[in-house]
Structures are given as structure tokens and as C-alpha cells.
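Enquirer: Sharing a model that was predicted from the sequence below.
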Amino acid sequence: MELISVIVPCLNEQEALPYFYKEIGMVAEDFKKKNVEMEFIFIDDGSTDATLETIKTYAKEDARVHYVSFSRNFGKESAIYAGLEAAKGDYAVLMDADLQDPPALLMEMYTAITQEGYDSVATRRVTRKGEPPIRSLFARIFYKLMNKISDIDLVDGARDYRLMKRVMVDAILSMSEYNRFTKGIFGWVGFKTKWIEYENTERVAGETKWSFWKLFKYSLEGIIGFSTMPLMLASWLGVFMCLFAVVAIIFVIVRQLLFGGSAFGWPSMVCIIAMFSGIQLFCIGILGQYLSKTYLESKKRPIYIAKEKK
Ligand code: UDP
Ligand code: MG
């Protein structure tokens with residue numbers, strides 16, 4: 001019998017969990033008819049509400065339910081890693097607890113792997129209905145930019161909802177970096193992936209855990225984690241400014257020779273100094289971003305700390 005591990009990162013999902021558990025239970029019945037077992041791995045990402053208690057009541061009665069509870073909030077990326085680590089299945093699927101990743105798609109995803117020869121089936125939403133327009137705009141810019149400056153392929157609207165074979169799970173686990181940008185990691189490991197599209201659905205209960213600021217920081221994580229283009233930009237900016245300075249020097253010398261002594265022009269001097277120091281600080285800032293990531297990476301801290309598990 002084959003086994004699918006369903007991995008569910010949960011941060012304060014006490015309202016949504018009962019809906020999710022019921023829905024995934026029904027899908028599990030369908031799979032059973034095809035001789036496929038399921039296990040559910042809930043990752044409690046430092047919830048402060050009754051999420052863990054809810055999961056524990058499921059675990060008591062249902063042998064298929066497992067959980068890992070973090071000592072604090074480590075973020076969804078860490079939760080995904082913990083879930084993949086705990087998964088024993090021949091396949092693993094990542095799903096949000098809020099039913100924004102429709103469990104009904106699972107069967108279609110499974111057949112794509114078993115019958116069409118794919119290694120993984122990923123999903124993307126084609127609409128961003130119910131999302132603030134400014135957030136959609138930034139998201140679109142981010143995906144455009146990422147595809148230009150990094151060598152991984154990022155699909156606009158891609159969700160983390162993805163079913164994959166064991167080989168791909170192992171590949172992802174082998175990337176034990178501390179700064180985890182899962183969407184980039186999926187792209188980086190490769191494998192033959194089928195994309196399924198669906199309309200965005202709103203979360204069943206509770207509220208989103210992602211503020212605009214959190215998303216913004218997450219996008220920087222993606223850029224710094226998977227592209228060295230900003231470093232290159234700093235160098236090119238430097239080269240460009242040097243050329244500009246050479247031209248300016250020639251201009252000043254020629255003017256001096258042709259028209260004689262001149263003491264005017266200090267306001268423009270101030271502007272130029274301000275601009276150049278700004279550019280220098282900007283470039284040092286880029287270096288600093290990479291350095292800080294390297295610094296954290298070199299500490300080799302664990303990706304998460306589990307308080308209890310079953
Ligand atoms: N989540 C998590 N840790 C976090 C933030 C979110 O485990 O720090 C989980 C959350 O419980 C949910 C999933 O990640 O199951 C997606 O979060 P959410 O639905 O809030 O994001 P959105 O769908 O609005 O992008
Ligand atoms: Mg959601």
C-alpha cells in the first residue's frame with residue numbers, strides 16, 4: 001500500500017482546523033478506495049491559541065495524525081522543513097490549514113504523478129480575488145524581477161500546495177540552509193513538474209498571518225537567497241560612476257585651460273558629493289545584506305526547535 005504524507009503548517013488555526021480535518025478526512029476515504037493510505041502531519045508553529053490542543057485531540061483518536069510542536073514561531077518555511085522531515089510517505093503534499101488549497105484537487109494531482117509520469121504536481125492560482133490591489137501589484141513586480149535576476153524559474157501565483165515524490169522530498173531535505181525561501185528551493189531542485197491552475201478561494205475561518213511588511217521581507221529573502229544580481233549591480237554602478245568622474249575631470253581641466261580660474265560651482269559640488277556618498281552607502285548596504293545572510297548561515301543554527309512530537 002502506498003502512503004501520502006499530508007503536511008500542514010499551522011499558526012493559530014484553531015478556527016480553521018476542524019473544517020480542514022473534516023475535508024481531508026473525506027479525501028482520505030476516496031484514496032483508501034484506491035489502496036492509498038494517508039498520514040497527517042500537523043506542524044504547530046508556535047501557536048498561542050488552542051491549535052496544539054485541537055491537534056492533540058485528533059491524534060488521540062486517529063492513528064494517522066502526527067504532529068510536531070515548535071518551541072516558538074519559526075515561520076512557515078521552517079514548518080515545511082519539519083513536516084518533510086517527519087514525513088514517511090512515498091509522496092508528500094504541503095497544504096495550508098485554511099482550505100485555501102482545495103483538498104479536492106489531490107486526486108487529480110496523484111493521477112498526474114502515477115499515470116502521466118511527473119515527479120511533482122504544483123498549483124498556481126490564476127486570480128488574486130479578495131486580495132488588496134497594492135499587494136497584487138507588488139507580487140507581480142516581484143515575480144517579474146525574480147525571473148530576470150535569478151536562475152530559478154518562479155511561477156506567478158504559485159502556491160506551496162504541491163504533491164511530490166519521495167526523491168524530490170529528499171532533495172529538498174538535502175538543502176539544509178537556514179535562510180529558507182521554499183518557492184525558490186522547489187525551483188532549484190528541478191524535477192518534472194506539472195502545474196494545475198485554480199481560482200483563488202478565501203480562507204475558511206481565522207485570518208491571514210502575512211502582513212504586507214512580512215511579505216516584503218520574504219521577497220527580499222527570495223532575491224538575496226537566489227540571486228547575486230544585486231552584488232553585480234553594485235559593481236556596475238561603481239564602474240559607471242568612475243567613468244562619469246573621468247569625463248567630469250576632463251571637462252574641468254579643459255574648461256580651466258580655456259577660460260582660466262573659476263571658484264564658482266560649490267553648490268553643484270555638494271550635490272555631487274551627496275549623490276556619490278549615497279550610492280556608496282547603497283552598495284555597502286547590498287554587501288551588508290549578503291554578509292548578514294552568510295553570517296546567519298555560518299552559525300549553522302537548527303531550522304526549528306521541536307518542543308514535543310508524535
Ligand atoms: N503559517 C505558519 N507559520 C507562520 C505563518 C503562517 O505555519 O509564521 C501557516 C498558516 O497557519 C497557514 C499557512 O501557513 O496554514 C498559510 O498562511 P496564511 O493562510 O495566513 O497565508 P495566506 O494564505 O494569507 O497567504
Ligand atoms: Mg491562507
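Expert: Arrived safely. Ligands and ions are numbered 1, 2, ... in the order given.
Enquirer: Could you use CA atoms for every contact and neighbour count after this?
Expert: Noted.
Enquirer: Ligand 1 contacts on the chain?
Expert: 9-11, 13, 45, 75-76, 79, 96-98, 208-210 (C-alpha under 6 Å from any ligand atom).
Enquirer: change it to 5 Å
Expert: Remark: the part of the chain in contact with ligand 1 comprises Pro9, Cys10, Leu11, Gly75, Lys76, Asp96, Ala97, Thr208, Lys209, using C-alpha under 5 Å from any ligand atom.
Enquirer: For Ile253, see how far away the last one is.
Expert: Here the distance between Lys209 and Ile253 works out to 60 Å (C-alpha to C-alpha, to the nearest Å).
Enquirer: again, but for the fifth one
Expert: Here the criterion is C-alpha to C-alpha. By it, Lys76 lies 60 Å from Ile253.
Enquirer: So those two - more neighbours on which side?
Expert: Looking at Lys76 and Ile253 with other C-alpha atoms under 10 Å, you find the greater number of neighbours at Lys76, namely 21 against 11.
Enquirer: check contacts around that one.
Expert: With contact set as C-alpha atoms under 8 Å, 6 or more residues apart in numbering, Lys76 has these partners: Pro9, Asp45.
Enquirer: same deal with the one 4 residues further on?
Expert: Ile80 makes contact with Ile7, Val8, Pro9, Leu94 under the criterion C-alpha under 8 Å, 6+ apart.
Enquirer: want to throw the residues you listed into CSV with distance to Leu291 and neighbour count?
Expert: Below are those laid out as CSV (distance: C-alpha to C-alpha, whole Å; neighbours: other C-alpha atoms under 10 Å):
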residue, distance to Leu291, neighbour count
Ile7, 33, 28
Val8, 33, 25
Pro9, 30, 26
Leu94, 31, 22
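Enquirer: mind listing which of these are in strands?
Expert: Taking DSSP state E, the ones among the contacts of Ile80 that sit in strands are Ile7, Val8, Pro9, Leu94.
Enquirer: Now do the same for the last one: its pLDDT.
Expert: So that's Leu94. Per-residue confidence (pLDDT) for Leu94: 95.
Enquirer: again with the second one
Expert: Confidence per residue is given as pLDDT, and for Val8 that number is 96.
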